[in-house]
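all I have is the shape, not the residue letters:
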Ligand SMILES: C=CC1=C(C)c2cc3[nH]c(cc4nc(cc5[nH]c(cc1n2)c(C)c5CCC(=O)O)C(CCC(=O)O)=C4C)c(C)c3C=C
Ligand SMILES: [Fe+2]
Ligand SMILES: [Fe+2]
């Protein structure tokens, strides 16, 4: 196997530590062709659809990629911004602020963002970090709850890149932060400030992205981690069990998915006389199609059509100060033991130059 070309090796260059913030990815444009390209890459990932390969590729190319791109593109059009897809915009901002906030805490780091599907691709960003001198890379998948379809798929992409790399940097992965106290505190902050501004609904619905139900029996911890986040958030807000629900959205395909489903739950609650609901999506670190269209448009309309009177969508943590504090502390915790301050590095650089020049005696 041929390995990827290495950047030129420079003697005496200081080792640099980097953080790569990864999210799912999104089409380049809200068009059917861009959405088809994105879905073709996403849905061909065996971590995402676990049915026999040949059967699935026939269904994917024969049916799904002929029908879904145009429908999904119309949904993307309804949430697209001047700067692009919300997921892309928020993830880029999060990486920028993460670099700044870690810098304020004395860490001299390279921070970039990457997408598992589409652009900027994980492999390209890892190459770029290497070109900029990174010798240690902390990979932060922006998924609070671990799942094979999301977190492990990011690990796959990094591992595939490492397989083709001669001089592999030191690598660390953050697999989950579903019960991290600062993440929970950021969610609490978000709900409380919403309540202060807009008043409080009769019920808080916490909606997480769904997964095929069989993944739970097969050992995927995602379901448990969603329930734990929900419980910790409810406890921190002082909510009794009948004042909140944990639900799952975005069902895909015909298999059984994790339940209860978000939209049917909202319709049922409205049918039972619930007038107002607050909805938060704690499993999404940034607003995207699944929150802005499926929840804030579709689920809202379903609740109101079923007799509900007020539906409040509480945005994702995005680049909020509390959310960024949580990400910064999380990265800092996982960077422990890796030199991240510049002060050690010039010393090292000087010493290496001196050694190379033979000015210092070797031990
Ligand atoms: C936050 C965690 C996510 C899990 C778990 C997850 C599992 C999962 N998703 C699909 C299928 C689709 N998801 C789509 C969009 C999408 N999914 C997540 C996150 C999780 N997915 C995000 C952040 C997004 C939004 C992307 C954006 O561009 O804004 C889509 C594409 C949109 C559409 O056509 O509906 C599909 C398809 C499966 C099958 C799955 C678990 C196996
Ligand atoms: Fe998804
Ligand atoms: Fe969806």
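Right, received. Where do you want to start? Treat the numbers as computed from the prediction; the structure is a model and nothing was measured. Ligands and ions are numbered 1, 2, ... in the order given.

can you list the residues of the stretch 251-363 of the chain near ligand 3?
Residues of the stretch 251-363 of the chain lying close to ligand 3 (Cβ under 5 Å from the ion) are 290, 294. Just so you know, the C-beta spots here come from the backbone N, C-alpha and C atoms, and that holds for glycine as well.

pLDDT score assigned to the residue in the stretch 151-300 of the chain that ligand 1 sits nearest to?
For the stretch 151-300 of the chain, the residue closest to ligand 1 is residue 288, as judged by Cβ to the nearest ligand atom, at 3.1 Å. Looking at residue 288, its pLDDT stands at 98.

ok, now the one 4 residues further on?
The model reports residue 292 with a pLDDT of 98.

skipping adjacent residues, who's closest to it in space?
Residue nearest to residue 292 in three dimensions, not counting chain neighbours: residue 79, with 4.3 Å by Cβ to Cβ, 6 or more residues apart in numbering.

same question, residue 248
According to Cβ to Cβ, 6+ apart, the nearest residue to residue 248 is residue 210 (3.9 Å).

what's the answer for residue 46, then?
The shortest distance from residue 46 to any non-neighbouring residue, by Cβ to Cβ, 6+ apart, is to residue 53 (7.0 Å).

who's in contact with the residue nearest to residue 292?
By Cβ atoms under 8 Å, 6 or more residues apart in numbering, the residues touching residue 79 are 85-86, 288-289, 292-293.

I'd like the residues you listed as JSON lines, with secondary structure, distance to residue 278 and neighbour count appended.
Converted to JSON lines, the contacts of residue 79 look like this (DSSP: H, G, I helix; E, B strand; the rest coil; distance: Cβ to Cβ, whole Å; neighbours: other Cβ atoms under 10 Å):
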{"residue": "85", "secondary structure": "coil", "distance to residue 278": "26", "neighbour count": "24"}
{"residue": "86", "secondary structure": "helix", "distance to residue 278": "20", "neighbour count": "22"}
{"residue": "288", "secondary structure": "coil", "distance to residue 278": "19", "neighbour count": "25"}
{"residue": "289", "secondary structure": "helix", "distance to residue 278": "21", "neighbour count": "21"}
{"residue": "292", "secondary structure": "helix", "distance to residue 278": "16", "neighbour count": "23"}
{"residue": "293", "secondary structure": "coil", "distance to residue 278": "19", "neighbour count": "19"}
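
surely residue 109 touches residue 15?
No: counting by Cβ atoms under 8 Å, residue 15 is not a contact partner of residue 109; they are 11.8 Å apart.

let me see the ranges of the strands in the stretch 1-150 of the chain.
Per DSSP state E, counting those that start in this stretch, the stretch 1-150 of the chain carries strands over the ranges 16-23, 110-115, 134-141.

residues contacting the shortest one, please?
Contacting residues not belonging to strand 110-115 are listed as 16-26, 88, 91-92, 94-96, 98-99, 102, 120-122, 124-126, 128-129, 132-134 [Cβ under 8 Å, 6+ apart].

buried ones among the residues you listed?
16-26, 88, 91-92, 94-95, 98-99, 102, 120-122, 125-126, 128-129, 133-134 (16 or more other Cβ atoms under 10 Å).

which among those are in contact with ligand 3?
Among those, not one lies near ligand 3 by Cβ under 5 Å from the ion.

pLDDT weak spots in the stretch 201-350 of the chain?
Within the stretch 201-350 of the chain, the segments meeting pLDDT under 70 span 342-350.

near ligand 1, which residues of it?
Near ligand 1, the residues belonging to the stretch 201-350 of the chain are 209, 211-212, 250, 252, 283-284, 288-290 when assessed by Cβ under 6 Å from any ligand atom.

and if we set it to 8 Å?
Contact residues (Cβ under 8 Å from any ligand atom) of the stretch 201-350 of the chain with ligand 1: 208-212, 215, 222, 250, 252-253, 283-286, 288-290, 292, 294.

show me the contacts for the closest residue to ligand 1 within the stretch 1-150 of the chain.
Using Cβ to the nearest ligand atom, the closest approach of the stretch 1-150 of the chain to ligand 1 is made by residue 26 at 3.1 Å. By Cβ under 8 Å, 6+ apart, the contact set of residue 26 is 38, 76, 85, 87-88, 115, 118, 288-289.

domain ranges for this protein?
The record's domain parsing of the chain by automatic domain parsing lists 16-177+321-342, 181-314.

can I get those in a markdown table with distance to residue 3?
Listed next are the domains of the chain as a markdown table, based on distance: least, Cβ to Cβ, whole Å:
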| stretch | distance to residue 3 |
| --- | --- |
| domain 16-177+321-342 | 4 |
| domain 181-314 | 33 |
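
so how far is residue 85 from the residue of the stretch 151-300 of the chain closest to ligand 1?
8 Å (Cβ to Cβ, to the nearest Å).

for residue 32, same thing?
Counting by Cβ to Cβ, the separation of residue 32 from residue 85 is 15 Å.
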